[in-house]
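Chemist: turn this into a model:
(chains A, B and C)
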Amino acid sequence: MENLTGQNMYRLVSELFPINRSITGNGTRKTLSFLSQILPEMNIFEIPSGTKVFDWIVPDEWNVNEAWIKDEEGKKIIDFSHNNLHLMGYSTPIKKTLCLEELQNHLFSLPDQPNAIPYITAYYNKGDRWGFCLKDNDRKQLRHGNYDVYIDSVLTPGHLTYGEVVLPGKEDREVLISTYICHPSMANNELSGPVVAISILDWLKKQKERKYTYRAVFIPETIGSLVYLDKHFKHLKEKLDAGFVLTCIGDNNSYSMLESRYGKTLADKVAKHVLKYHFPNFNTYSFLERGSDERQYCAPGFDLPVCSLMRTKYSCYPEYHTSLDNLDFISPEGLYGGFCVVQKCIMLLEKNHTYKTKILGEPQLGKRGLYPTISTKATNQNVRRMMNLIAYSDGTKDLIDIAETIGENCLDLIELAEKLVNFDILDILQR
Amino acid sequence: MENLTGQNMYRLVSELFPINRSITGNGTRKTLSFLSQILPEMNIFEIPSGTKVFDWIVPDEWNVNEAWIKDEEGKKIIDFSHNNLHLMGYSTPIKKTLCLEELQNHLFSLPDQPNAIPYITAYYNKGDRWGFCLKDNDRKQLRHGNYDVYIDSVLTPGHLTYGEVVLPGKEDREVLISTYICHPSMANNELSGPVVAISILDWLKKQKERKYTYRAVFIPETIGSLVYLDKHFKHLKEKLDAGFVLTCIGDNNSYSMLESRYGKTLADKVAKHVLKYHFPNFNTYSFLERGSDERQYCAPGFDLPVCSLMRTKYSCYPEYHTSLDNLDFISPEGLYGGFCVVQKCIMLLEKNHTYKTKILGEPQLGKRGLYPTISTKATNQNVRRMMNLIAYSDGTKDLIDIAETIGENCLDLIELAEKLVNFDILDILQR
Amino acid sequence: MENLTGQNMYRLVSELFPINRSITGNGTRKTLSFLSQILPEMNIFEIPSGTKVFDWIVPDEWNVNEAWIKDEEGKKIIDFSHNNLHLMGYSTPIKKTLCLEELQNHLFSLPDQPNAIPYITAYYNKGDRWGFCLKDNDRKQLRHGNYDVYIDSVLTPGHLTYGEVVLPGKEDREVLISTYICHPSMANNELSGPVVAISILDWLKKQKERKYTYRAVFIPETIGSLVYLDKHFKHLKEKLDAGFVLTCIGDNNSYSMLESRYGKTLADKVAKHVLKYHFPNFNTYSFLERGSDERQYCAPGFDLPVCSLMRTKYSCYPEYHTSLDNLDFISPEGLYGGFCVVQKCIMLLEKNHTYKTKILGEPQLGKRGLYPTISTKATNQNVRRMMNLIAYSDGTKDLIDIAETIGENCLDLIELAEKLVNFDILDILQR
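Modeler: Below is the predicted model:
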């Protein structure tokens, strides 16, 4: 990426928007190929249909050439080439003439949102199944008569495709970024996630130094994270300190996080601290309201330290999973705000050491020029912050814990803690 | 019992109501004999007066033939045969003429409740002591003059009598039901307790299968539970999972529970969960407000997992311990409601396993027909409940813990959990 | 002391008030000498300047003979002999004529409190530094022109002086009282502290029996506690059960305590319990608001069980660290109230055993005359308190824990607990 701006992030979303993604198929490949041009560190993997991953099986690959419905006059009243949401995901091929009554069983619309095309899929359906989605207002215009239905789709053994980026750090401890690339033309859910993720990786690779090794995955939701866990769970269980699922992170509204299964991991702690000090009105959702890949990462037995970072959570905005979740629903500012939250979480993780004072009793700050030499009525706020930081650097708390204890934004303590290490007052405990 | 209805329960209370019970004596025997006709599984035990039980001694047995006060005209102004509350419990025999002033020292009434005969006892009094209880309004009518006092009671070495029912289950882990049979003619405190207990036992013995072994005791309060603990404490400490003291459980008002000493036993957890989901306005009383046999079961050193189940707690209704706690104060509905709460607690205990998922990652519910094959905007509430149940079946929580975590009524989860076991998704952990 | 009255305490403060104390020097010596006449058990120690204590060095000793500023007419416009707050603490000697503009750099006043002389020090300043403090109203009267400044002070290697009292008890477990004697003429901060401390010691030495050994230190703040910890930390870490810093404890306003670093020591528990039951409107300050010697006692690595007892906390009253913290700001009643809180804390510590019932099940209180022999509707409040005390005497809680659990003032339980020990119902667990 040239410049990490909201405008550039928005441009990336716009370019990826028209592609027809699904959990498998060429749309996903095209998306990953596009992203790997921006970040050549990305490796793309193909997993054959039929591969068993835990309780699941990688499904057949789905690709669509053409799909439409014509009325009796031969006019295309629904056309996949106009909006890929029109076709139900994983629809099987068909070429048939039906009367309106028969057709209705294969149509999906939203009476409550009559101008939205709903997003519907049937990934793991075994038998024949096909459907079209349309605006309820358009559906109401349909007249009695016969309709030609044509779906030229292919659902055959193929592959599931995903991308992986690993940026090594000084240590082999890892941070995971997980986002998904399996939705057709919708902007907040899902393109905000991959674009914020690629931007974070771009920023990370330009850093002089990284403590953590960063691992990012661009996967189809659910089956993709299971595929990835199938290959990497043992490694992740051993190495992962924190992970974040990025989803719905480009709109202009609230910020939110969704907790890991018990809400007590380092990822939860970092996310809550950052949001509390930067966006105090943020929403915390419990794992009971989960809906993305944290469902797999945090499942019993896996229990990886992963939470989700979002702006407006999926299911919590009416445009969600409809054609209204489009390029108007997100913005450059919205994407950049999402980027900044992830960036702050990472900055915190990079510097979140456990500190221990090297001095018994309060250090004499004055002789080091760290304390005003004249004592008056009021203690300076900066001095008090420094003394509180030292007082709780007892080797039992990491910097975020200390920040929470002394009521400070941890990001404001990092520089101070480093200064105190240089002054030989604090020590960094090795894990 | 023929039919487990509130009407039948109320009829039992009515038949037991006139008997003059005390902590020992023939009234208690008659009561237990009546109950053992309903439930032949009941064994009746007799413990000799003078038996040492922990810090206490089984008192002499008290029986009353006749007791009255006559005025100068020879008219019986108080007569035990009209209401057994008229005679103070454990009154020693007397035949004497006294003037009103002398008599007053032996009379008990309630100025604040002038139409109630109070219930007074002197169980563990060593010397001579006798007394009569009457309505304050009647007391005010007494005229100066002499009164003949006659008490034909017997207080001599005899026995303390109690009943015990054990219904064996598949396992030797036990649930205890404890209720008391030592109060004369009062309905909520106490006959609601024994009648709800006998009804629960009747229901339990008709069940095809019981996981738990059920042990029920019908004892005089305090000395009876100590007698029972003296014989069975070691066994109970080893086998008891949960126990409930049933008292004041037949009126029409609130539901309540009184916690064990630290409020953290399985009995507390079950009682609170059931009441929270079925009678959310229930009252929780701490052990500091105790007053029945949980005083013994939960005493330091015993610390059995026992709490109390009640409707309106003893001491919390003005009719308590007076002649106003009569057959009008309780009702068929009140008794049946009490029965239902105990029943629900038992149903929960029977099914309260610790579950653990057998599948790493989320199970593929769709292939088992447990998940809608078309994914739309909203997740079905039943599907979400099922997925939450699986997500917290991590082997660390019993079903009640899971229910509390996912905000569901545990009774609604039982069938679902069993279905998931049958689908080979969940496993029941053996203790 | 003759009589432990507020009047006598106030008189002591008044006599100590004029002395020019600092962290070293003759004012401190004079103060300790005065206190040791009241309490001959006090030993006075001298630590040489230059002694290294942890991160600090005992500073040179400061003494002042004379200090003033004269105007062009030779009139003393500021004179140390009128109020020792006029001279900045640790001012170096000077004899010089300056114009008003030059002088202003050495003057300190409080625009917001124009009638208060501020208290300013520069203890650990290495270079030359001097200053005068005055009322802002007086400062505004200064006219242009030259001023003769004269400070005849001595800052040379000498000693730091402190006092220590040890009153041995039956046990070698210790309670620490720490107070400071390093401020010039201010009453609440600081003379209330030493005078309450000396009164407590006087009361303690007159007690027939002490369980605890009491150790009291009268030290210059910060450097004094570090000096003391340097000599005694190992002993204190091994022996100290609780300690209290006494400061600002003679005014008429609120009561307050400031917690130890994590707020969970026995000292915190005692202080909070006493204040909660005697002064329920008391303020609790966290360690984040610390400002006296608990900064050293509770520093990481030391972590002694020490909290602070105060009336209005330092920094929380406008008179603090000014000439308005004078003899009018405190009172006999204020001092005596402070004394009483410390006394109650000590009385509680002396009797705060861990009790365990010797009887399984409830004890039969009636046979010991501890229970009414006639049972009526209401249980007597004293009986209930006794039964609750027994019920929670399970060997896991000390008397304060029990008091908190059963909602009683622990001081009301002491006599009752001792009675129950005499009745062979409770046992005192040895540590």
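
Chemist: what residue in chain A comes nearest to chain B?
Modeler: Relative to chain B, the nearest point of chain A is A:P300 (3.6 Å; CB to the nearest CB). (Glycine included, C-beta is placed from N, CA and C.)

Chemist: who does the nearest residue to that residue once chain neighbours are set aside bridge with?
Modeler: The shortest distance from A:P300 to any non-neighbouring residue, by CB to CB, 6 or more residues apart in numbering or on different chains, is to B:D394 (3.6 Å). Using DSSP bridges, the bridge partners assigned to B:D394 are B:K356.

Chemist: correct me if wrong: B:D394 contacts B:I359.
Modeler: No: counting by CB atoms under 8 Å, B:D394 does not reach B:I359; the two are 11.9 Å apart.

Chemist: quick one: low-confidence parts of the stretch 51-200 of chain A?
Modeler: Residue ranges of the stretch 51-200 of chain A with pLDDT under 70: A:126.

Chemist: for it, which segments count as helices?
Modeler: In the stretch 51-200 of chain A, the segments counted as helices under DSSP state H, counting those that start in this stretch are A:100-104, A:136-141, A:192-205.

Chemist: next, see if the helix or strand following the last one gets close to chain B.
Modeler: Secondary structure here is assigned by DSSP states H and E; on that basis, the next helix or strand after helix A:192-205 toward the C-terminus is strand A:213-219. No: using CB under 8 Å from any CB of the partner chain, strand A:213-219 stays clear of chain B, coming no nearer than 13.3 Å.

Chemist: neighbouring strands of strand A:213-219 in the sheet, and parallel or not?
Modeler: Checking strand A:213-219 against DSSP bridges gives partners strand A:159-167 (antiparallel), strand A:174-180 (parallel).

Chemist: got the phi and psi for the closest residue to A:I414 other than its chain neighbours?
Modeler: Nearest residue to A:I414, sequence neighbours excluded (CB to CB, 6+ apart): A:K351, at 4.5 Å. Taking degrees, to the nearest 10, you get phi -110, psi 10 for the backbone angles of A:K351.

Chemist: cool, and A:D55?
Modeler: Taking degrees, to the nearest 10 as the convention, A:D55 sits at phi -90, psi 0.

Chemist: what's near enough to touch it?
Modeler: B:359-364 (CB atoms under 8 Å, 6 or more residues apart in numbering or on different chains).

Chemist: out of the residues you listed, who's near chain A?
Modeler: Counting by CB under 8 Å from any CB, B:359-364 from those sit close to chain A.

Chemist: I'd like these as a markdown table, with neighbour count appended.
Modeler: Shown next, in a markdown table, are the ones next to chain A among the contacts of A:D55 (neighbours: other CB atoms under 10 Å in any protein chain shown):
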| residue | neighbour count |
| --- | --- |
| B:I359 | 18 |
| B:L360 | 18 |
| B:G361 | 24 |
| B:E362 | 19 |
| B:P363 | 25 |
| B:Q364 | 20 |
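
Chemist: just name the closest of these to B:S192, please.
Modeler: B:P363 (46.7 Å; CB to CB).

Chemist: so the closest one touches B:A391, yeah?
Modeler: No: in this structure, B:P363 is not within contact of B:A391 by CB under 8 Å, at 10.4 Å.

Chemist: pick out the residue in the stretch 301-431 of chain A sitting closest to chain C.
Modeler: A:D394 (3.5 Å).

Chemist: check contacts around that residue.
Modeler: By CB under 8 Å, 6+ apart, the contact list for A:D394 reads A:356-357, C:261, C:300-301, C:303.

Chemist: does A:G301 belong to a helix, a strand or coil?
Modeler: Using DSSP: H, G, I helix; E, B strand; the rest coil, the structure places A:G301 in coil.

Chemist: what's the local residue count around it?
Modeler: The local packing of A:G301 (other CB atoms under 10 Å in any protein chain shown) involves 15 other residues.

Chemist: ok, now A:T51?
Modeler: When counting by other CB under 10 Å, one arrives at 14 neighbours for A:T51.

Chemist: pretty sure A:K170 contacts A:K211?
Modeler: Yes: the pair A:K170 / A:K211 is scored as a contact, 5.4 Å apart, by CB under 8 Å.

Chemist: more neighbours, these two?
Modeler: It is A:K211, of A:K170 and A:K211, that has more neighbours when counted by other CB under 10 Å, with 16 against 10.

Chemist: could you find the closest non-adjacent residue to that one?
Modeler: Leaving out its chain neighbours, the residue that sits closest to A:K211 by CB to CB, 6+ apart is A:E350, at 5.0 Å.

Chemist: three-state assignment of the one you found?
Modeler: Classification of A:E350 using three-state DSSP returns helix.

Chemist: show me what contacts it?
Modeler: The contact partners of A:E350, taken as CB under 8 Å, 6+ apart, are A:210-212.

Chemist: what is the nearest of those to A:W130?
Modeler: The shortest approach to A:W130 among the contacts of A:E350 belongs to A:Y212, at 46.1 Å (CB to CB).

Chemist: ok, the closest one - contacts?
Modeler: Contacts for A:Y212 (CB under 8 Å, 6+ apart) come out as A:169, A:171, A:173-175, A:241, A:346, A:349-350.

Chemist: just A:I402 next, same as before
Modeler: Counting by CB under 8 Å, 6+ apart, A:I402 touches A:355, A:389, A:392-393, A:410, A:413.

Chemist: mind checking pLDDT for the residue most central in space within chain A?
Modeler: Compute the mean C-alpha point of chain A, and by CA atoms, centre = their mean the closest residue is A:L246, 1.4 Å away. The confidence metric pLDDT takes the value 98 at A:L246.
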